[in-house]
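# quick one, fold the following:
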Amino acid sequence: MIEESKLGYYLMPVLKVWLFMFFLLLCTIPFGLISQLNFLPTISSPIITDIIAQFSLVIVVLGALLMMFKILPDLDFYQVFVRKTSFFSEFFKGAGLGFMTMVLCASLLYANGNVKFEVAVFSWSTIGLYLVFFLLISFFEELLFRSYPLFALSERYPLWFAILVNGFLFALAHFANPGLTVLGIVNITLAGILFALYTLQKRNVSWAIGMHFAWNFTQAILLGYHVSGNKMSGFVKAIPQGAEYISGGKFGIEGSVFCTFFLVIFIAWLIYRNGFGIIESKEFEEIEADN
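Numbering: from 1, shown residues only. Alright, predicted model coming up:
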């Protein structure tokens, strides 16, 4: 009986995450029906279509979170790291770190002769639309991975394990990306670990949203790289040079060993400074009190 009780205890977070995924599926049904009925006007601009799709996904993940809070009334947005207080300041701090990481990585690649940049044709309106697009992507993916799923895993598993699993799940969601390489998967996993680690340390997903946004926007729009294999239009065009595992090739900076180096150093430094973070929940507090 004791063993069965332990098994149920450690399986519960997995079941809760599956329930969250089920609610996500339920929330996508209305948008799927709207898409199938074809009564909305056709949009000729691909980027606007992508923005609408990403906005719909943000609504979907918020709806799934509200459903979880309905059946688990002890939970709220605050506990799963979604906080209104200091949102903008924390977002911009995270964005600054994401920007610096990408610029440093690109600078090393340029100094090593692994990339050259060409001036690209762009329009300010397109740049503005991409800014909105990347904001919505960062909101959706961080709320999807670093809100309730990270909280549920962290409640009953060691924090290092929850962070590692979160990184693997984040990488799994990118397996269909074009031009994917082994190093690309490694770096996306490390990025997911970094975002999860920051979320637990700050107990606020705003840092991860800001970092994720700047990470994508900087490499795509400011530096002209592909983002996880997806081609974008920016101020310049980055042309990788030399071995793919160094330059990143068609996958972008995230396919470069230089990116691996920066991510590993960043993660190691954060763990050294602040450990794996803190989880706040009534259940966790009761367990700590028993110990």
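
# please enumerate the strands of the protein.
115-119, 236-240 (DSSP state E).

# ok, which stretches of the stretch 1-150 of the chain are helices?
Counting by DSSP state H, counting those that start in this stretch, the stretch 1-150 of the chain has helices at residues 2-37, 46-71, 87-111, 124-146, 148-156.

# rewinding a little: just tell me which of the strands of the chain ends up closest to residue 265.
strand 115-119 (20.4 Å; C-beta to C-beta). To be clear about C-beta, it is placed using only N, CA and C from the backbone, and glycine gets the same treatment.

# rewinding a little: which one of the helices of the stretch 1-150 of the chain lies closest to residue 172?
When the helices of the stretch 1-150 of the chain are ranked by proximity to residue 172 (C-beta to C-beta), helix 124-146 comes first, at 10.3 Å.

# could you export that closest one as PDB, CA atoms only?
What follows is helix 124-146 as a C-alpha-only set of coordinates in PDB (Å, rounded to 0.1, in the frame of the first residue of the first chain):
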ATOM      1  CA  TRP A 124       9.300  49.400 -41.200                       C
ATOM      2  CA  SER A 125       5.800  48.100 -41.300                       C
ATOM      3  CA  THR A 126       7.000  44.500 -41.800                       C
ATOM      4  CA  ILE A 127       9.500  44.900 -38.900                       C
ATOM      5  CA  GLY A 128       6.700  46.200 -36.700                       C
ATOM      6  CA  LEU A 129       4.500  43.200 -37.600                       C
ATOM      7  CA  TYR A 130       7.400  40.800 -36.800                       C
ATOM      8  CA  LEU A 131       7.800  42.500 -33.400                       C
ATOM      9  CA  VAL A 132       4.200  41.700 -32.600                       C
ATOM     10  CA  PHE A 133       4.600  38.200 -34.000                       C
ATOM     11  CA  PHE A 134       7.600  37.400 -31.800                       C
ATOM     12  CA  LEU A 135       6.000  38.900 -28.800                       C
ATOM     13  CA  LEU A 136       3.000  36.600 -29.200                       C
ATOM     14  CA  ILE A 137       5.300  33.600 -29.800                       C
ATOM     15  CA  SER A 138       7.200  34.300 -26.600                       C
ATOM     16  CA  PHE A 139       3.900  34.700 -24.600                       C
ATOM     17  CA  PHE A 140       2.400  31.500 -26.000                       C
ATOM     18  CA  GLU A 141       5.400  29.200 -25.600                       C
ATOM     19  CA  GLU A 142       6.400  30.500 -22.200                       C
ATOM     20  CA  LEU A 143       2.800  30.200 -20.800                       C
ATOM     21  CA  LEU A 144       2.600  26.800 -22.400                       C
ATOM     22  CA  PHE A 145       5.800  25.400 -21.000                       C
ATOM     23  CA  ARG A 146       6.800  27.600 -18.000                       C
END
